[in-house]
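Novice: compute the structure for the input listed below.
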Amino acid sequence: MAKTVEKEFGLDLWLFCVVFVAGAALLFLVPILWCIMRKANLMREYRPKGTLEANDFVKQVVDEAAARGTLATCKA
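Specialist: Sure thing, here's the model as predicted:
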């Protein structure tokens, strides 16, 4: 009696099932792991590498707005 092997997309049935289950597991696990890593990253305290100069930033923004004429037309 000859043994018949079922094929699916040119692969043996057992190999097709293994590939399908592995692909489905990756499609399910990758987004979940991405969300967990993002949540862990957001829970970590933010520590900038250099010192922050907020006054210089504000002065730069105000100077650029004044140069464009935006300050003269705003409702503040």
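
Novice: and stretch 27-38, how far out from the chain middle?
Specialist: 10 Å (Cα atoms, centre = their mean, to the nearest Å).

Novice: brain fart, stretch 8-18
Specialist: 33 Å.

Novice: show the end-to-end separation of it, please.
Specialist: End-to-end span of stretch 8-18 (Cα to Cα, to the nearest Å): 12 Å.

Novice: how far does whatever helix or strand A72 lives in sit from its chain's centre?
Specialist: A72 is located in helix 70-73, with elements delineated by DSSP states H and E. With Cα atoms, centre = their mean as the basis, helix 70-73 stands 38 Å off its chain's centre.

Novice: contacts for that helix, please.
Specialist: Identification of contacts with helix 70-73 by Cβ atoms under 8 Å, 6 or more residues apart in numbering yields 62, 65. For every residue, glycine as well, the C-beta is placed using N, CA and C.

Novice: if we use 10 Å, what do you get?
Specialist: Outside helix 70-73, the residues within contact range by Cβ atoms under 10 Å, 6 or more residues apart in numbering are 62-66.

Novice: as CSV, those residues with secondary structure, pLDDT and neighbour count would be great.
Specialist: Converted to CSV, the contacts of helix 70-73 look like this (DSSP: H, G, I helix; E, B strand; the rest coil; pLDDT from 0 to 100; neighbours: other Cβ atoms under 10 Å):
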residue, secondary structure, pLDDT, neighbour count
V62, helix, 86, 12
D63, helix, 88, 11
E64, helix, 89, 11
A65, helix, 86, 14
A66, helix, 85, 11
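
Novice: ok, those vs D12, which is closest?
Specialist: D12 has its nearest neighbour among these in E64, at 66.4 Å by Cβ to Cβ.

Novice: residues in contact with that closest one?
Specialist: E64 neighbours (Cβ under 10 Å, 6+ apart): 70-71.

Novice: cool, and W34?
Specialist: Contacts for W34 (Cβ under 10 Å, 6+ apart) come out as none.

Novice: that one is in what secondary structure piece?
Specialist: W34 belongs to helix 13-43, assigned by DSSP H and E.

Novice: could you do D56 as well?
Specialist: Assigned by DSSP H and E, D56 falls in helix 54-68.

Novice: distance from the chain centre to that helix, please.
Specialist: With Cα atoms, centre = their mean, you get 32 Å for helix 54-68.
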